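A.B. asks: Sequence first, predicted model second:
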Amino acid sequence: MSDDSLRDVVDFYTQTHEEDRLAAGSSLLEFERTKELLRRFLPLPPATVMDVGGASGAYAFWLAGLGYEVHLVDATPRLVELAHQRDSQASHRLASIALADARRLSLDDTSIDAVLLLGPLYHLIDPEDRSSALMEARRVLRPGGVILAAGISRYAGTLDGLALQPTLDEPIAAVRHRAVADGRYRNDTGNLRYFTTAYFHRPEDLATELLEAGFTGLRVFGIEGPGWLVTDFDARWADPAGREHILKVARLLEEEPSIRRSTTSGW
C-alpha cells in the first residue's frame, strides 16, 4: 500500500465520524447482521479475539461484554484514542488497545482464538498488501482458530449511487466505473460523502484470497442483503415487524451468489 493511499484512509477516518456510523441509517442493518454472524461463528467466550481495524471499538466492546478477551488495533490515531477513552469508562474493558497496521501485528504467534478483519481488506488496494494482512492474521491464530474477514462488493458504489444519491455528475460516475472495472476505488472528488481509497471485491475474489493465504473451510455471506435499498429504511427499521422482515430476507439470501451486496464476509 502506498504512503499516499494509507494517508488517504487515515485522513478520511480522522475527518469523519466512523464511531457513529453503525448507529444510523442502513448501517444499523450492517451492525445487527454482523453481530449475528459473529455469534454464529466465533468460538465461545472466554475465547481471545483480535479486532484488527476495529476503529473505536463498536464490535470490540460488544464482544467484551459477552465475555471475550478482546485486543483492538487500528491505524487511525483519532479512533485509537477514542477507544482508550471509551475503555476507561467501560464496565467490560478490553485486553489491549494499540495503534497498528494490519500487515504488522505485535501479538505472538498462535496466541489468538479468532481474528476479525472487518475493515482492513477493503482499504488495502494492492493484492500483496491484502495477502500480508491475511498472513499476519494466520500467524497470530492458534491451530483451529477462526478468521472473520469482510470486503465491500465490487458493485456497492454503483448501487449506492443509484439507490441513495442518484447523480449524473461525471467525475463521480467515472470513479464508480473504474471501481467496477478493476475494483480500485479512488475518491478524487474532494467530497467525503463518496468514501475514500478502497478495493471492492467480488465475493469469489475474497474467498480466493483467503484460500491463497492458507485458510480452509471458507464460506462467503452477504451481510446486508437487499434491505439497505428500501427508500423508507429508517421507518421500517423503527418498526419491530419491519425490522424483522428486513433481517429475515438478509438471512434467507445470505449465501445466494446472485444477491450478495455491500459488505460480504468470508470464513
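C.D. replies: Great, that's in hand.
A.B. asks: Nearest residue to the most centrally placed residue in the chain in space, please, no chain neighbours.
C.D. replies: Nearest to the mean C-alpha position of the chain, by Cα atoms, centre = their mean, lies residue 118 at 3.0 Å. Distance criterion Cβ to Cβ, 6 or more residues apart in numbering; nearest residue to residue 118, sequence neighbours excluded, is residue 150 at 4.5 Å. Every residue, glycine included, has its C-beta placed from N, CA and C.
A.B. asks: What of residue 26?
C.D. replies: Spatial nearest neighbour of residue 26, excluding adjacent residues (Cβ to Cβ, 6+ apart): residue 228 at 3.8 Å.
A.B. asks: mind listing what the closest residue to residue 115 other than its chain neighbours touches?
C.D. replies: In this structure, residue 115 finds its nearest non-sequential neighbour in residue 137, 4.3 Å apart by Cβ to Cβ, 6+ apart. Residue 137 sits next to 50, 52, 102, 105, 115, 117, 147, 149, 213 when contact means Cβ atoms under 8 Å, 6 or more residues apart in numbering.
A.B. asks: Can you classify the fifth one by secondary structure?
C.D. replies: Secondary structure of residue 115, reduced to three states by DSSP: H, G, I helix; E, B strand; the rest coil: strand.
A.B. asks: And for it, the neighbour number?
C.D. replies: The number of residues packed near residue 115 is 27, by other Cβ atoms under 10 Å.
A.B. asks: same thing with the first one?
C.D. replies: Other residues within reach of residue 50, judged by other Cβ under 10 Å, total 29.
A.B. asks: Now for it: which residues touch it?
C.D. replies: 70, 71, 72, 73, 105, 107, 112, 114, 115, 116, 137, 140.
A.B. asks: Each with direction, which strands does the helix or strand harbouring it pair with?
C.D. replies: For residue 50, the enclosing helix or strand under DSSP states H and E is strand 48-52. Counting by DSSP bridges, the strands paired with strand 48-52 are strand 69-74 (parallel), strand 112-117 (parallel).
A.B. asks: rewinding a little: in ChimeraX, how would I select the buried members of the contacts of residue 50?
C.D. replies: To isolate the buried members of the contacts of residue 50 in ChimeraX, using 16 or more other Cβ atoms under 10 Å:
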select :70,71,72,73,105,107,112,114,115,116,137,140
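A.B. asks: Please consider this matter closed, and thank you.
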